[in-house]
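Asker: Model the following, please.
(2 chains)
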Number of protein chains: 2
Amino acid sequence: MSKNHYAVIMAGGVGSRFWPLSTVEHPKQFIDVLGVGKTLLQMTYERMCGIVPKENIFILTNKKYVTLVKDQIPSIELRQILTESVRRNTAPCIAYAATKILKMNAEACMIVSPSDHLILKEKDFQTSIDTAINSAQNNNRIVTLGIQPSRPDTGYGYIEFSKGSNVIAGEVTNVLQFREKPNKETAELFIRSGNFYWNSGIFVWKASTIVAAFKHYQKDIFELFCADNTAYNTDKEQYFIDEAFENSPDISIDYAILEKSDSVDIVLASFDWSDLGTWKSLNEHLPKDTFNNSIIGENVHTFNVKNCLISVPKEKTILIDGLSGYIVVESDNTLMILKQSHEQELKNYLKAIEV
Amino acid sequence: MSKNHYAVIMAGGVGSRFWPLSTVEHPKQFIDVLGVGKTLLQMTYERMCGIVPKENIFILTNKKYVTLVKDQIPSIELRQILTESVRRNTAPCIAYAATKILKMNAEACMIVSPSDHLILKEKDFQTSIDTAINSAQNNNRIVTLGIQPSRPDTGYGYIEFSKGSNVIAGEVTNVLQFREKPNKETAELFIRSGNFYWNSGIFVWKASTIVAAFKHYQKDIFELFCADNTAYNTDKEQYFIDEAFENSPDISIDYAILEKSDSVDIVLASFDWSDLGTWKSLNEHLPKDTFNNSIIGENVHTFNVKNCLISVPKEKTILIDGLSGYIVVESDNTLMILKQSHEQELKNYLKAIEV
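Answerer: This next block holds a predicted model:
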């Protein structure tokens, strides 16, 4: 484990998915969606503990979630929790973290990771990270971790890479272009072509590389967060940063840097990954009973129930009869019973009932 | 309103129906099953207040429900709450109440009523009660209120009456026989014959008449509850009664007296009645939305939902999508989702999960 390696966990998302489990007050990353006894943030933090020194892990979140972060990761110091005062998407957050870390360590190499995704096969994950660090450190590349697509999913972003003769799973190669959520036909084309991977949102780069990229591609953000680093790692940092966020453009790192730079690599990663963006995608990762039900809860009694996802608090008693293909979720005295095939309507329903 | 008229409301039932709304700790009669802001007991009490003097109303219940009764009917005095220490079905309870009332008033005429049934058209109910009182007082008859059957229901008891030329709805006539829950074919036969009504469980008789009937048909119960009335309406009553219940046979008034006596009349009543014995029968009496849903609750949001009965606490938020023909009930942190056509299985489910 190198002292030059840092992790920045992005934990500021509001997570409109997984209602009623997740809410603006308690978004997805702070929830034990899998019912395993650990929240997604805790799982992400533990994963990073195996890769970088603990003191080099930073969690970037919104001010309103600081208490949640501290509650869920008691061992983390407050200096390791970086806060945005207003939501400005990922680019400003990363500019902030990179400049701060660069001031600590000119050789720093950063892993940036979402806090609300699922990663299985952690050894494969570590191998992919090692490959990415290699490319980032030795060649000053901006590296993304790509996931081999298993289906023409229209909910993910895709990355096209150059299909050289020696491009094999696990290796790194250069990115040709990023393609946001495609339609069904395009997604199928991507899969068939063989040189499109899913964008996992996990990035690796040297702090100096990404700060230089901001200087080149995002002058506004560079001026606000990177040009003057005197306040970083002093008691003036929070004040400085609050003002920078206030004045910052609202833009994602993908759009701000990755889609513009010609120095982007992709690791053709082989670990199992899900962004857990839908109940359906969560359901794929839950253990099943004999009737293909995923059940989280300790007092759930089912009769003639199949292909359902049921998630209720431990203390809740529930009897369900005769359901097939539904999502039944209770949280915080709010119950949802949703036909699985209608999941894409949930957003509209919530808008209609103004939740 | 005659001072000689008394009401005895039977409120000791454990009500295994309507789980999870009703439980042994909080049976059906103490619940606002219709979502109208009043429990079935409160509705029964108010109905009786229109018929007999308030101070002549007695509520017979199990000791464990005394607090519930007092909470729901604050104006009732403790002397008006008669308690059974152990469950011995309706006959001993009625022997107790009749002897006690008879000691107060030798001319007393009693109306005995369940506390967990629904009665609509209260004016028609009053008319039927008047007819029954007439027969009970003037002819010393044991009178039951029969309900004109609207379907060959196999869940009700039936009463056969003699089909004289002048037997019309609203009139009183003599009972030929009681027939407990018949099978489908027999029930259909009953309906076609035209001289079978449903047994409502509402009875009217002079206290002296029913005590005499106990003496004739149920010597055990008579000896325990009626032969010696010295303890009644004194501070020795509870002790005396507790012991009597302890030693009493366990038998219903129908089986103990009504099926044996040849002095039983039936009023061919015309009020709307339901014993609310099933979710289905409850559902028939609830107001419906455009999609034939019955919804009790203030934060229930439905999308593509039809033919459902939904009953949740006021403070509960619930979003339901894509359900048709289900019963969704939440009470006391317990949730039931039951296919309506499987209602008859509920008893078995509860046995299986040992609720």
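
Asker: gap between stretch A:302-317 and the chain center?
Answerer: Put simply, stretch A:302-317 sits 28 Å off its chain's centre (CA atoms, centre = their mean, to the nearest Å).

Asker: actually stretch A:214-233, sorry about that
Answerer: What separates the centre of stretch A:214-233 from the centre of its chain is 24 Å, taken as CA atoms, centre = their mean.

Asker: Tell me the buried residues in that stretch?
Answerer: Within stretch A:214-233, the residues scored as buried using 16 or more other CB atoms under 10 Å in any protein chain shown are A:214, A:217-218, A:220-222, A:224-226, A:231-232. In this view, the C-beta of every residue, glycine as well, is placed from N, C-alpha and C.

Asker: Tell me where chain A has helices.
Answerer: Under the criterion DSSP state H, helices of chain A are mapped to A:40-49, A:66-72, A:90-104, A:122-139, A:184-193, A:207-217, A:219-221, A:237-247, A:253, A:279-283, A:346-353.

Asker: and the buried residues of stretch A:214-233, which two are the farthest apart?
Answerer: The largest distance within the buried residues of stretch A:214-233, taken as CB to CB, falls between A:Tyr217 and A:Ala231 and amounts to 23.4 Å.

Asker: who does the residue minimising distance to the centre of chain A bridge with?
Answerer: Ranked by distance to the mean C-alpha position of chain A (CA atoms, centre = their mean), the top residue is A:Pro114 at 2.3 Å. When assigned by DSSP bridges, A:Pro114 has beta-bridge partners A:Met10.

Asker: Next: the one 5 residues further on.
Answerer: Listed beta-bridge partners, A:Ile119: A:Trp273 (assigned using DSSP bridges).

Asker: Could I get the pLDDT score of it?
Answerer: According to the model's per-residue confidence, A:Ile119 sits at a pLDDT of 93.

Asker: helices and strands around the strand ranked longest in chain A, which ones?
Answerer: Taking residue count as the measure and DSSP state E as the definition, the longest strand of chain A comes out as strand A:196-206. Secondary-structure packing of strand A:196-206 (3 or more CB pairs under 8 Å, 6 or more residues apart in numbering or on different chains; DSSP states H and E): strand A:109-114, helix A:122-139, strand A:142-147, strand A:158-161, strand A:264-269.

Asker: Pull out the buried positions in stretch A:178-189.
Answerer: When neighbours are counted by 16+ other CB under 10 Å, the buried residues of stretch A:178-189 are found to be A:178-179, A:182, A:187.

Asker: what do you get for stretch A:237-252?
Answerer: For stretch A:237-252, a neighbour-count test (16+ other CB under 10 Å) marks A:237, A:240-241, A:244-245, A:248, A:251-252 as buried.

Asker: where in chain A is pLDDT low?
Answerer: Low-confidence segments of chain A (pLDDT under 70): A:15-16, A:164-166, A:355.

Asker: and it, which of its residues are near chain B?
Answerer: Within reach of chain B by CB under 8 Å from any CB of the partner chain, chain A has these residues: A:20, A:301, A:303-304, A:312, A:315-323, A:326, A:328, A:330, A:333-339, A:341-342, A:345-346, A:349-350, A:352-353, A:355.

Asker: rerun that using 6 Å as the cut-off
Answerer: A:301, A:303, A:316-322, A:333-339, A:342, A:349, A:353 (CB under 6 Å from any CB of the partner chain).

Asker: of those, buried ones?
Answerer: Using 16+ other CB under 10 Å as the burial test, those include A:301, A:303, A:316-322, A:333-339, A:342, A:349 as buried.
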